[in-house]
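> pasting the sequence and the predicted coordinates here, then a few questions.
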Amino acid sequence: MRPAARTAVALCAALLSLGPAAPVPRPAASGVRPSAPGSWPSTPVVRPVPAARPFGAVVPAGAVSPGVARFRWPLDGVPRPVRRFDPPPRPWLPGHRGVDLAAAPGATVRAAGAGTVLFAGLVAGRPVVTVGHTDGLRTTHEPVSPAVRAGETLAVGAPLGVLLAGHPGCPAPACLHWGLRRGAEYLDPLALLGLGPVRLLPLDGADPALSAGRAAGAAAPRAVRTRPGCCRPARRAAASPVRSRP
């Protein structure tokens, strides 16, 4: 046997005498299974999102949910709007910053929602009652002889006072001017009840658009088309043949 071969055999015998090599410890599993490249997890992680509180939600009586505001008409029954909400384009311009509800003089005016009386007194000579609600909302009522004082806490439907006659522009014996504000912004109070645009009718029940159309048609004379002489079409002259020269 050659010396090189003997050296190799001796080295192998020395390695075998040392025993098997100690196993290399494997890292502990983290519990997360790596996904294949380019693949998405089969079950996405969904985090709950807190539900937003509805604004001005109307809930039937006896079914008021916690944290949900409840509003009602400021008059008993279902009053008839006789003038709609028509805010001005600029704060200093004239407009109608609320709705007018027809009623009888002496009718009980009630709080449209739970809140606190912010004001009860005269504004420019007219008796006004203002109630503050949640979310910075304020409802105003005029002309109302107040039966409450500023600072009183009211439940929904609590009496505020009695309705007086004499509201400007009211076509009924008495009208309640019902307004809604948030800060300096005027809002449509019918939005508290979840109502859309209201079609207003006069006191006689006739359709104002139809009545106005009939009146305009009866007053306007029938137009007769006349054709002035200068605009009458002239007779066409007979075309004479044009002879070509030889």
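Received, thanks.

> F119 bridge partners, please.
Per DSSP bridges, the residues bridged to F119 are T130.

> how many neighbouring residues does it have?
Neighbours of F119 under the rule other C-beta atoms under 10 Å: 16. All C-beta atoms are positioned from the backbone trio N, CA, C, and that covers glycine.

> list the residues that contact it.
Contacts for F119 (C-beta atoms under 8 Å, 6 or more residues apart in numbering) come out as V128, V129, T130, A150.

> now those as TSV including distance to L187, neighbour count and pLDDT?
As requested, the contacts of F119 are exported to TSV (distance: C-beta to C-beta, whole Å; neighbours: other C-beta atoms under 10 Å; pLDDT from 0 to 100):
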residue	distance to L187	neighbour count	pLDDT
V128	17	18	96
V129	18	25	98
T130	14	21	97
A150	22	13	97
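
> which one of those is nearest to T108?
Distance to T108, by C-beta to C-beta, is smallest for V129 among the contacts of F119, at 12.2 Å.

> going by distance to P79, which of the contacts of F119 wins?
Distances from P79 to those, taken by C-beta to C-beta, are shortest for V129, at 16.6 Å.

> quick one, what contacts the closest one?
Per C-beta under 8 Å, 6+ apart, neighbours of V129: V109, V117, F119, A120, T140, H141, E142, V144, P146, V148, L160, G161.

> check which residues of the helix or strand harbouring the second one are buried.
What that stands for is V117. Using DSSP states H and E, V117 sits within strand 115-123. Of the residues in strand 115-123, G115, V117, F119, A120 count as buried by neighbour count, 16 or more other C-beta atoms under 10 Å.

> one more: stretch 163-177?
Neighbour counts over stretch 163-177 (16+ other C-beta under 10 Å) mark L163, L164, H167, C170, A172, A174, C175, L176, H177 as buried.

> secondary structure, pLDDT and distance to P87 added to these, as CSV?
Supplementary listing: those in CSV, determined by DSSP: H, G, I helix; E, B strand; the rest coil; pLDDT from 0 to 100; distance: C-beta to C-beta, whole Å:
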residue, secondary structure, pLDDT, distance to P87
L163, strand, 94, 23
L164, coil, 94, 25
H167, coil, 82, 18
C170, coil, 82, 19
A172, coil, 83, 22
A174, strand, 92, 24
C175, strand, 92, 18
L176, strand, 94, 18
H177, strand, 93, 14
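
> can you add distance to V156 and give the residues you listed back as a markdown table?
Shown next, in a markdown table, are these (distance: C-beta to C-beta, whole Å):
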| residue | distance to V156 |
| --- | --- |
| L163 | 19 |
| L164 | 23 |
| H167 | 24 |
| C170 | 26 |
| A172 | 25 |
| A174 | 23 |
| C175 | 22 |
| L176 | 17 |
| H177 | 20 |
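
> nearest to R97, of those?
Within these, the smallest distance to R97 is 8.8 Å, found for H177 (C-beta to C-beta).

> contacts only, for the closest one.
The contact partners of H177, taken as C-beta under 8 Å, 6+ apart, are G98, V99, D100, T140, H141, E142, P143, H167.

> secondary structure element for the nearest residue to the first one once chain neighbours are set aside?
Just to be clear, that refers to G98. Leaving aside its sequence neighbours, G98 sits nearest to G179 (C-beta to C-beta, 6 or more residues apart in numbering; 3.4 Å). Using DSSP H and E, G179 sits in strand 174-182.
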